[in-house]
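# for reference, the sequence and a predicted model appear below.
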Amino acid sequence: MNMEFTFSRHDVSTVVGTASRVENISVSPDLLILDSEVKNNYKDKLPSCDHEVVLIGGEGSKTPDVLEKLWQKMSQVNLRRDSRVVVIGGGTVCDTGAFAASTWKRGVNLTLVPTTLLCMVDASLGGKTAVNIAGEKNQAGTVYPASEIIICPEFLETLSQKELNNGLAEALKTAVIGDRKIVEYLQKKDYLQAVTACLAVKGSIVAEDLEETGKRRLLNLGHTIGHCIEAISSFEIDHGAAVAMGIPVAAEMGGNHTFAGELREVAGELSIETAIPSSVTLSGILNHLKNDKKTTAAGRIWIIPHGWEDCRQVLLDSSTEKELLEKVWQ
């Protein structure tokens, strides 16, 4: 299956295309940023570049130190504003590489080639870049959409089941937000169709609200609790898994217990774990919530799912938030 489409908003445009195999990826990077696992698995097939930086995937790469390393390399190779950075890797590598590209000379050309299902269905599109600060998730970042995204399904062939499940969880989140049919694609293991549908949902939302002042907040479904779970576990619990745990909790907080049960059932059919480990306590969640980026003086905006394709933004003050969490916490 081939696809090519463009997401645009005013002067911001991202072209999404596919390459059937890794050796068919057509890019001309001035600087290539690679995930180390991807390089190990596909070294003879990847695009060539005289200037290359290899990063280890995982939250350990989303740090100011790694960002500094990338800036130093950009300086060394005399990267210009009209140069192109190509990032090939999963969500954490794309996050950090895109952050560096967005800030070098106030922004250079950027191509993202996501290599995990999670990055394909969510992280690559929409322009969010970030690094973690002081053990808290995504505290510093920019909004800088890539001019080009290339989806290559061959990368999915070497994913571990754990990493595949991360992407399944993020795709399930997107199904809840905007397209119930995504679940059917996942059940059939038609991942390219699932990716296409997920990008269509996210693209329509991002095109309407690039800066996340309104509708784009819906994409944070499951993330308010999920980011806390990641931080509490010192990022031993992966992002997708944490988000999957957070979605039913949000439904329960809205009083939608039947839908929460349905979500857990569908997730179980897809081998997605939604049970929160006992090591993640409510007190730990409450402690980390204060660093959530959706926090305002009036409280925090939660995304509450009421049913498939029916998610709503709810502003909760700290006392109401705590009361609801105490009621649903297991």
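Good, I have the coordinates.
# may I see the domains of the chain written out as residue ranges?
Domain assignment for the chain by automatic domain parsing gives 4-159, 215-328.
# and of those domains, who's closest to Ala207?
Nearest to Ala207 among those is domain 4-159; the distance by C-beta to C-beta comes to 4.6 Å. Every residue, glycine included, has its C-beta placed from N, CA and C.
# Val113 - that's part of a helix, no?
No - assessed with DSSP: H, G, I helix; E, B strand; the rest coil, Val113 is strand; it does not lie in a helix.
# which of the domains of the chain sits closest to Glu184?
In terms of C-beta to C-beta, the element of the domains of the chain nearest to Glu184 is domain 215-328, at 10.7 Å.
# chain center to that closest one: distance?
Centre-to-centre, domain 215-328 and its host chain are 16 Å apart (C-alpha atoms, centre = their mean, to the nearest Å).
# pull up the distance across it, start to finish.
Across domain 215-328, the terminal residues are separated by 26 Å (C-alpha to C-alpha, to the nearest Å).
# with stretch 74-89 instead?
End-to-end for stretch 74-89, by C-alpha to C-alpha: 18 Å.
# show me which residues of it are buried.
74, 77, 79, 83-89 (16 or more other C-beta atoms under 10 Å).
# and the helices in this structure?
Here the chain has its helices, by DSSP state H, at 36-42, 64-76, 91-103, 117-118, 161-178, 181-187, 191-208, 223-232, 239-253, 257-269, 282-289, 318-328.
# okay, the angle between the last one and helix 239-253?
When you say that, I think you mean helix 318-328. 100 degrees (axes from the mean of the first three to the mean of the last three C-alpha atoms, to 10 degrees).
# list the buried ones in helix 318-328?
Going by neighbour count (16+ other C-beta under 10 Å), the buried part of helix 318-328 is 321, 324-325, 328.
# including distance to Thr129, could these go into a markdown table?
Formatted as a markdown table, the buried residues of helix 318-328 follow (distance: C-beta to C-beta, whole Å):
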| residue | distance to Thr129 |
| --- | --- |
| Glu321 | 28 |
| Leu324 | 32 |
| Leu325 | 30 |
| Val328 | 33 |
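# closest one of the buried residues of stretch 74-89 to Leu55?
Closest to Leu55, out of all of the buried residues of stretch 74-89 and judged by C-beta to C-beta, is Gly89, at 6.9 Å.
# quick check: closest non-adjacent residue to the closest one.
In space, and not counting its chain neighbours, Gly89 is closest to Asp35: 3.0 Å by C-beta to C-beta, 6 or more residues apart in numbering.
# how far away is the one you found from Gly90?
6 Å (C-beta to C-beta, to the nearest Å).
# repeat that for Thr281.
Computed as C-beta to C-beta, the Thr281 to Gly90 distance reads 29 Å.
# could you check which of these two is surrounded by more residues?
Gly90 (29 against 13; other C-beta atoms under 10 Å).
# for that one, which non-adjacent residue is spatially closest?
Gly90's closest residue in space is Thr116 (C-beta to C-beta, 6+ apart), at 4.0 Å.
# how much space between that neighbour and Glu170?
10 Å.
# more neighbours: these two, which one.
Just comparing Thr116 and Glu170: by other C-beta under 10 Å the higher neighbour count belongs to Thr116, 30 against 27.
# mind listing which of the buried residues of stretch 74-89 are in strands?
Residues of the buried residues of stretch 74-89 located in strands (DSSP state E): 84-89.
# list the contacts of the closest residue to Ala275 other than its chain neighbours.
Here the nearest residue to Ala275 in space, its sequence neighbours aside, is Met245; by C-beta to C-beta, 6+ apart that works out to 7.3 Å. Listed by C-beta atoms under 8 Å, 6 or more residues apart in numbering, the contact set of Met245 reads 222, 225-226, 229, 273-276.
# export those residues to a markdown table and tack on pLDDT and neighbour count?
A markdown table is the format used below for the contacts of Met245 (pLDDT from 0 to 100; neighbours: other C-beta atoms under 10 Å):
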| residue | pLDDT | neighbour count |
| --- | --- | --- |
| Gly222 | 97 | 30 |
| Ile225 | 96 | 25 |
| Gly226 | 96 | 27 |
| Ile229 | 96 | 29 |
| Glu273 | 94 | 15 |
| Thr274 | 96 | 21 |
| Ala275 | 95 | 12 |
| Ile276 | 96 | 21 |
